[in-house]
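**Q** Starting from these lines, generate the structure:
(4 chains)
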Number of protein chains: 4
Amino acid sequence: MKNIRVAIVGATGYTSLETIRWLLKHPAAGITYLASRKQEQPISELFPELLGRVSLPIAPFDVAAIKKAAEVVFLCLPHVAAMEHVPPLLDAGLRVIDLSADYRIKDAAIYEKWYKHAHSDAKNLATAVYGLPEFFTPAIRQARLVGNPGCYPTAGILGIAPLLREELVEPTDIIINAASGISGAGRTPSPQHHFPERNENFEPYGIGTHRHAPEIQQTLETLSGQPVDMLFVPHLIPMDRGILETIYLKPRKGVTLDDATQAMEQAYNGKPFVRLRRHNLPGTKYVANTNFADIAVKFSNGRLVVIVAIDNMVKGAAGQAIENMNLMFGLDETAGLL
Amino acid sequence: MKNIRVAIVGATGYTSLETIRWLLKHPAAGITYLASRKQEQPISELFPELLGRVSLPIAPFDVAAIKKAAEVVFLCLPHVAAMEHVPPLLDAGLRVIDLSADYRIKDAAIYEKWYKHAHSDAKNLATAVYGLPEFFTPAIRQARLVGNPGCYPTAGILGIAPLLREELVEPTDIIINAASGISGAGRTPSPQHHFPERNENFEPYGIGTHRHAPEIQQTLETLSGQPVDMLFVPHLIPMDRGILETIYLKPRKGVTLDDATQAMEQAYNGKPFVRLRRHNLPGTKYVANTNFADIAVKFSNGRLVVIVAIDNMVKGAAGQAIENMNLMFGLDETAGLL
Amino acid sequence: MKNIRVAIVGATGYTSLETIRWLLKHPAAGITYLASRKQEQPISELFPELLGRVSLPIAPFDVAAIKKAAEVVFLCLPHVAAMEHVPPLLDAGLRVIDLSADYRIKDAAIYEKWYKHAHSDAKNLATAVYGLPEFFTPAIRQARLVGNPGCYPTAGILGIAPLLREELVEPTDIIINAASGISGAGRTPSPQHHFPERNENFEPYGIGTHRHAPEIQQTLETLSGQPVDMLFVPHLIPMDRGILETIYLKPRKGVTLDDATQAMEQAYNGKPFVRLRRHNLPGTKYVANTNFADIAVKFSNGRLVVIVAIDNMVKGAAGQAIENMNLMFGLDETAGLL
Amino acid sequence: MKNIRVAIVGATGYTSLETIRWLLKHPAAGITYLASRKQEQPISELFPELLGRVSLPIAPFDVAAIKKAAEVVFLCLPHVAAMEHVPPLLDAGLRVIDLSADYRIKDAAIYEKWYKHAHSDAKNLATAVYGLPEFFTPAIRQARLVGNPGCYPTAGILGIAPLLREELVEPTDIIINAASGISGAGRTPSPQHHFPERNENFEPYGIGTHRHAPEIQQTLETLSGQPVDMLFVPHLIPMDRGILETIYLKPRKGVTLDDATQAMEQAYNGKPFVRLRRHNLPGTKYVANTNFADIAVKFSNGRLVVIVAIDNMVKGAAGQAIENMNLMFGLDETAGLL
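**A** The predicted structure follows:
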């Protein structure tokens, strides 16, 4: 029944856990290989919620074995590590969905500037497809390598691109005020994400220096064909999951709220995972544990304000990766995700 | 020892509780009268943390009795109710610190527009002093009636006024992205603030319609002498206390980060409760249960970004009210607050 | 495809929302009727997360219409209201799964004592089946009316019954220390469950007076054939979902941890939703959003300590209700629940 | 004014931070020396909330310098490290309040069994005083070395000792079900206390193996003069601060709730930090940021149930340490703590 066989490489992080959670419910895809350098513990001890659900051992990264076991690889590794693993997997004929940042930014010089590491896989970077289905579905269907979008970029691009593409807003006066739950920081403990430091705390970080900024900028420029300048300010919210972005845009002369609403409706007509909210504003809780992106548009004091909420672990990571897999393998885009 | 005797009117809400907490530690002021319409329960049953700390009964609102018991009244009533109670208290010779919105907005028409109720006490509105000590200390010292600032306005004005006054930023391109813990919503249960609705949820509300917007605007105009236009977008954070405002300002031509930093330093030199942060950004936890306002300024993508954090219940309400009391009675501004 | 048609009566509470969430993913059952006295708002405004997922209107309680639309009714009403709605539904030939307490306690006098209301439906009470599949599957398969167990009782009975039935522990020296997330308190706002009162608070309530105590006692007596005495102390945890019970049992003479472990293994062998934990202790997070009950047994200082964790909204309410439906309609017990 | 000069050794942990917080408000004691091996950062960068409050540098552990600067040392080091630092400080004539476990357990063999390390300072262990003022005030007044009680033991002993001493309950049938906020785990990040692991999670740990158990047992035996057997089961609550213990005791024959209540009243008559609750049960929030221990007693199903709540960082650590200092220096026990 489960005729798409999935390998997860980098199985011990939160994006892997989230991918496993969703694939366990997927009607057509199943996990057949788990790879990690850390093989001491069964996955069900590492992630107690998987007890009785997953009995696969954690195995080494062995391309031949993966090739035998799977058609597609979800790469849940940190950046840099990802681009070291992609070439052999592609060479072996596997399809790869990379959840790191390594294949999202097309310009290797920009990648190097922000990630402080030269890109070592220019060949595959050139052909990698940016896996945001709302805008790139045809390319995703053909892709052998998908760069799965970052969590903040997913929300930001969904909220801005339709208005920018229709030339309703100024491309160089964009402010994204973003806030995220703590799961976005990954599974490695750190002083900053120690429970007593984060609980009951709301705090900005990385003002103008967050690595997701160039990813958003590049994609908005690609989609709108114009240079974009944007200020991106992320914050940490004391909760598990969810991103909410409050985006401030300057409307071009004469543009109305109706114009903006129509652009959104046209852009997302038929897109199964974008919901335009009219009666309530988006909130992180209303998209938690779903693959939806909720969007609302308001007009106030000369600004268009766009609110976007997603679950950073689902539409912002594992859910969107599965959405991409669905498209790559000719399944319904929503398979296993509703 | 405690020679300033304080009455609290509207004793059963959160601002009252917070005022009591702080006055219990105050070296020169003590609570002598608690008034509320609800007199069924001792205050220590209503607020279990006060058990053994406060034995005063909850009494009716009786001006003569209050006059006998106290020199100063902290009015912790909802708006509209406040302006019904102020005239008799002032007429009896008491000084009043009003924690509602009723004496903050000078223009009664603006008050009526935003609070949907005509102002019934024009006389005292005219002489009420806006109780933000960083800017109005001389008037506060002389005041008989102080309109204690709102929580969002306190943070917003502290973050913007110095830059606006020095003409470093455009007065009509101001965006305040604000977020608050839930204690700001008061003690009355409501569906919106029911635990399971708010927990693990981050959500905007009142975009362009929040009543604190005109209060911020008025004060910035007063302080800078120019018309101000401002977009104010509040959010709810799943935590108890704390406000963090991320303020986006457009610098005037040639203005640098140094200019902005210097303006802040000059404005708050000698002000005991404003802390300019250089090494860390402000976070709500670092001001929780204190009367501090923490401020940082950054420059990115053509914007000055000002971050301000306060405890909404302290610098945003009860603490600032006590600061005002200290000034009105010739005490050290910090008495009982450090 | 979805050939089991489900009506939900009392559609505006949290157990209804949870039932809807799970039925949306169910392979064989679909929602065809939503009834409530409150019909002002579409369900997707009431529960913003359902936007785009459910377009059924909220309709009145009309037995004929329900009969036409559905085979089975999930009754998500408060107690007392439930027993007023059950007779006409059963008379119309519908099967009913009642999520209230009305059909759980077999002895109407005990019901009246604890719920302060006479039981008005003795006839159906007599034939109602207690819907705990781990112990009553054959009866559930035949049932026309299931009393779906309470959240605390589900965890408590699963943790104690195997040991009691095998006579490994004293039946009159049982202490259940229970703790629950706040969703268990329902959707109606109250001072006790107002966010600022519950957040950062851990607090016991209802010591010896909680209504779930007689339900646990009755079922343990039924299952073990001996009189049971038990002390039940619940607490509130500042989080959304999850129950954890720490159960203190006195082993009979000579009983070892191995004996207890074996009794658990035998009792739950082949039961798809009970997981015995050996390497980690149960925690609420590891069962959140699942229908699992996780159990561990320890022996210390002369006591057997049993830890049980469930999601109060799933195994403790809606998930178990669907598990019962699966059994009543001949489906696999796990359909839609894994 | 501040004539008691305090040194803190081990200045970079949470107990140090909490001590600093309270000493800043103390009328008679001030911090004059901060020692730690980590001296890279000013304390106000390490603990952002101290910005502008503390300008002392972090200095090395230099006994001569400490002797010059201070009369009393708060030792905020981990166990083992503490007993290496105590002898030179005492030899220099300083008084020491040790917040680690090193001087709490009188029997070095028991210490070694639970802490897996031989005790190296038998001499001072013999004369150290257990710093629980409710029971040992005369000895504390004379002490040169105080072993400041653990957080769980403080709550447990306060809840049990009066009943045990009056022979109202069985000494060998005691169950302490304890739950703590996460600050109790200290400031070092770990997988277990990483925000996404702890948030929305309630979980037991260390059943029968927690190191606070022998400390409770020893003190109860000392206070009641009889052998005690006790089962101690701690849990983690997703919140910052607070301990709540639900204690199950078996009353001796004929003992009533009134007997228990009277024993509590007698034991704590005149003790400024114990509050007996009659109208509400204790909850962690009602003692947060205070030095109070709230206690209630109930009788149900043949058991006396005692509920105790404290703030683990205050009465369970720094607050009690200051209470001990007050007694050692002849101040009012409550100085700086109300």
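
**Q** Where do the strands of the stretch 1-150 of chain A begin and end?
**A** Counting by DSSP state E, counting those that start in this stretch, the segments of the stretch 1-150 of chain A that form strands are A:4-9, A:29-35, A:58-59, A:72-75, A:95-98, A:129-130, A:145-147.

**Q** repeat for the stretch 201-338 of chain A
**A** Under DSSP E, counting those that start in this stretch, the stretch 201-338 of chain A gives strands at A:203-204, A:230-236, A:243-251, A:274-276, A:293-300, A:303-310.

**Q** Show me what the helix-or-strand element of chain A with minimal mean pLDDT is packed against.
**A** The least trusted helix or strand in chain A, going by mean pLDDT, DSSP states H and E, turns out to be helix A:43-46, with a mean of 94. Packing contacts for helix A:43-46, counted by 3 or more Cβ pairs under 8 Å, 6 or more residues apart in numbering or on different chains; DSSP states H and E, involve no helix or strand. C-beta here means a position set from N, CA and C on the backbone, and glycine is covered the same way.

**Q** Which positions within it qualify as buried?
**A** Buried residues in helix A:43-46, counting neighbours by 16 or more other Cβ atoms under 10 Å in any protein chain shown, are found at A:43-44, A:46.

**Q** Also stretch A:179-186?
**A** Neighbour-count burial for stretch A:179-186 flags A:179-185 (criterion: 16+ other Cβ under 10 Å).

**Q** Surely A:Pro88 and A:Val63 touch.
**A** Yes - counting by Cβ atoms under 8 Å, A:Pro88 touches A:Val63, with 4.8 Å between them.

**Q** Please say which of those two ends up with more neighbours.
**A** Remark: of A:Pro88 and A:Val63, A:Val63 carries more neighbours, 18 against 14, as counted by other Cβ atoms under 10 Å in any protein chain shown.

**Q** my guess is the more buried one contacts A:Leu89, does it?
**A** Yes - A:Val63 is within contact range of A:Leu89, at 6.3 Å (criterion: Cβ under 8 Å).

**Q** Is there any residue in the strand or helix carrying A:Ile160 that contacts chain C?
**A** Here A:Ile160, judged by DSSP states H and E, is contained in helix A:151-165. No - Helix A:151-165 is not in contact with chain C by Cβ under 8 Å from any Cβ of the partner chain; minimum separation 15.2 Å.

**Q** check whether that helix contacts chain D.
**A** No - judged by Cβ under 8 Å from any Cβ, helix A:151-165 and chain D are separated, with a smallest distance of 14.0 Å.

**Q** Just list the residues touching A:Pro188, thanks.
**A** Check again: residue A:188 is Thr, not Pro. Taking Cβ atoms under 8 Å, 6 or more residues apart in numbering or on different chains, we find A:Thr188 in contact with no residue.

**Q** what's it sitting at in phi/psi?
**A** A:Thr188 adopts backbone torsions of phi -80, psi 120, taken as degrees, to the nearest 10.

**Q** Over to A:Gly150?
**A** Note on A:Gly150: its backbone torsions stand at phi -70, psi 160 [degrees, to the nearest 10].

**Q** I'd like the distance between the nearest residue to A:Ala213 once chain neighbours are set aside and C:Thr246.
**A** In space, and not counting its chain neighbours, A:Ala213 is closest to A:Phe232: 4.3 Å by Cβ to Cβ, 6 or more residues apart in numbering or on different chains. Counting by Cβ to Cβ, to the nearest Å, the gap from A:Phe232 to C:Thr246 is 46 Å.

**Q** neighbour count winner among those two?
**A** Ranked by neighbour count (other Cβ under 10 Å), A:Phe232 and C:Thr246 place A:Phe232 first, with 28 against 25.

**Q** Sort out which residues of the longest strand anywhere in chain A are buried, please.
**A** Longest strand in chain A by number of residues (criterion: DSSP state E): strand A:169-180. Of all the residues in strand A:169-180, those buried under the rule 16+ other Cβ under 10 Å are A:169-171, A:173-180.

**Q** quick one on the thing from earlier: looking at the strands of the stretch 1-150 of chain A, which is closest to chain B?
**A** Closest approach to chain B among the strands of the stretch 1-150 of chain A is made by strand A:129-130 (22.6 Å; Cβ to the nearest Cβ).

**Q** Show me what the closest one packs onto, helices and strands only.
**A** When contacts are defined as 3+ Cβ pairs under 8 Å, 6+ apart, strand A:129-130 packs onto helix A:133-142, strand A:145-147.

**Q** what does it contact?
**A** If you take Cβ under 8 Å, 6+ apart as the criterion, strand A:129-130 is touched by A:104, A:136, A:139-140, A:142-143, A:145-147, A:149, A:219.

**Q** Please apply the same query to stretch A:44-60.
**A** Around stretch A:44-60, the neighbours that count as contacts under Cβ under 8 Å, 6+ apart are A:11-12, A:17, A:20-21, A:24, A:31-39, A:41-43, A:65, C:275, C:277, C:279-280, C:283, C:285-288, C:290, C:292, C:294, C:338.

**Q** What of stretch A:201-209?
**A** A:179, A:231-238, B:179, B:181, B:237, B:239, B:242, B:244, B:246, B:281-285, B:298, B:300-301, B:305, B:307.

**Q** so who does the closest residue to A:Asp229 other than its chain neighbours touch?
**A** Nearest non-adjacent residue to A:Asp229, counting by Cβ to Cβ, 6+ apart: A:Thr172, 4.1 Å away. Shown in contact with A:Thr172 (Cβ under 8 Å, 6+ apart): A:227-229.

**Q** In CSV: those residues, plus neighbour count and pLDDT.
**A** Putting the contacts of A:Thr172 into CSV (neighbours: other Cβ atoms under 10 Å in any protein chain shown; pLDDT from 0 to 100) gives the following:
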residue, neighbour count, pLDDT
A:Pro227, 10, 97
A:Val228, 19, 97
A:Asp229, 14, 96
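
**Q** Switch these over to a markdown table; also include distance to D:Phe202.
**A** Formatted as a markdown table, the contacts of A:Thr172 follow (distance: Cβ to Cβ, whole Å):
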| residue | distance to D:Phe202 |
| --- | --- |
| A:Pro227 | 51 |
| A:Val228 | 46 |
| A:Asp229 | 46 |
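
**Q** deepest of the strands of the stretch 201-338 of chain A, which one?
**A** Comparing those by mean neighbour count (mean count of other Cβ atoms under 10 Å in any protein chain shown), strand A:303-310 comes out on top with a mean of 27.

**Q** how much space between A:Ile105 and A:Ala293?
**A** As judged by Cβ to Cβ, A:Ile105 and A:Ala293 stand 21 Å apart.

**Q** Same question for A:Asn324.
**A** Distance from A:Asn324 to A:Ala293, by Cβ to Cβ: 15 Å.

**Q** interface residues of chain A facing chain C?
**A** A:24-25, A:45, A:48-49, A:51-53, A:200, A:275, A:277, A:279-280, A:283, A:285-290, A:292, A:294, A:338.

**Q** list the buried ones in stretch A:200-215?
**A** For stretch A:200-215, burial by neighbour count (16+ other Cβ under 10 Å) applies to A:200-204, A:207, A:210-215.

**Q** which parts of chain A sit against chain D?
**A** Residues of chain A lying near chain D (Cβ under 8 Å from any Cβ): A:14, A:182-183, A:185, A:187, A:189-191, A:193-200, A:238-240.

**Q** Check what pLDDT the residue nearest to A:Asp229 gets.
**A** On the pLDDT scale, A:Thr172 is placed at 95.
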